[in-house]
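> below is the structure, and that's it, no one-letter string:
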């Protein structure tokens, strides 16, 4: 079970490492069709965290992160933070032992607090819409502090639109 304070620390650490001005490449360039993925692989085939929530999970629950890596590799699809929290199940075709069916499964990500789930979801949503990781962290922190997710998200996205129009 992920503890609230640990999630806050891991998200803040990820933002500090990448920088507050970092923009996730899928959101800004059409990379991977604009889809967020929790993990990527380097040239040696080693998995590493990709999106902001992927960084949090890799830091706090390596087994869960590995399940996500395997799911994304087999299913070649992205999925939301809400699906991650509930658990994700899918099937795909392979030929193995005469059968042409296999499954991929990501266990439910257990959180100590429903507020953390909502805060992670807004951080992911802001990141996916092209906001900086600093803005995603701001949204995360504000939702954790009890502000309305919808108000926070709209304010930050509007600020992003204004910034882009001024460029």
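Ah, there it is. Just so it is clear, the structure is predicted and the values come from calculations on it, not from any experiment.
> what's the burial count for residue 150?
Residues contacting residue 150 under the criterion other CB atoms under 10 Å number 10. Quick note: C-beta positions are derived from backbone N, CA and C, even for glycine.
> over to residue 122?
Every residue meeting other CB under 10 Å relative to residue 122 is counted, giving 25.
> residues contacting it?
Applying CB atoms under 8 Å, 6 or more residues apart in numbering, we find residue 122 in contact with 136, 139, 140, 143, 149, 152, 153.
> and the two most separated of these?
Among the contacts of residue 122, the pair separated by the greatest distance (CB to CB) is 136 and 149, at 12.9 Å.
> more neighbours, those two?
More neighbours sit around residue 136 than around the other of residue 136 and residue 149, counting by other CB under 10 Å; the figures are 30 against 15.
> and the host helix or strand of the more buried one, what's buried?
Counting by DSSP states H and E, the secondary-structure element that holds residue 136 is helix 133-144. Using 16 or more other CB atoms under 10 Å as the burial criterion, the residues of helix 133-144 that qualify are 133, 134, 135, 136, 137, 138, 139, 140, 141, 142, 143, 144.
> and these as JSON lines, adding distance to residue 68 and pLDDT?
Written out in JSON lines, the entries for the buried residues of helix 133-144 read as follows (distance: CB to CB, whole Å; pLDDT from 0 to 100):
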{"residue": "133", "distance to residue 68": "19", "pLDDT": "97"}
{"residue": "134", "distance to residue 68": "24", "pLDDT": "98"}
{"residue": "135", "distance to residue 68": "24", "pLDDT": "98"}
{"residue": "136", "distance to residue 68": "19", "pLDDT": "97"}
{"residue": "137", "distance to residue 68": "21", "pLDDT": "98"}
{"residue": "138", "distance to residue 68": "25", "pLDDT": "98"}
{"residue": "139", "distance to residue 68": "22", "pLDDT": "98"}
{"residue": "140", "distance to residue 68": "19", "pLDDT": "97"}
{"residue": "141", "distance to residue 68": "24", "pLDDT": "98"}
{"residue": "142", "distance to residue 68": "26", "pLDDT": "98"}
{"residue": "143", "distance to residue 68": "23", "pLDDT": "96"}
{"residue": "144", "distance to residue 68": "23", "pLDDT": "94"}
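> need those in JSON lines (columns: distance to residue 44).
As requested, the buried residues of helix 133-144 are exported to JSON lines (distance: CB to CB, whole Å):
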{"residue": "133", "distance to residue 44": "26"}
{"residue": "134", "distance to residue 44": "31"}
{"residue": "135", "distance to residue 44": "33"}
{"residue": "136", "distance to residue 44": "29"}
{"residue": "137", "distance to residue 44": "30"}
{"residue": "138", "distance to residue 44": "35"}
{"residue": "139", "distance to residue 44": "34"}
{"residue": "140", "distance to residue 44": "32"}
{"residue": "141", "distance to residue 44": "35"}
{"residue": "142", "distance to residue 44": "39"}
{"residue": "143", "distance to residue 44": "37"}
{"residue": "144", "distance to residue 44": "37"}
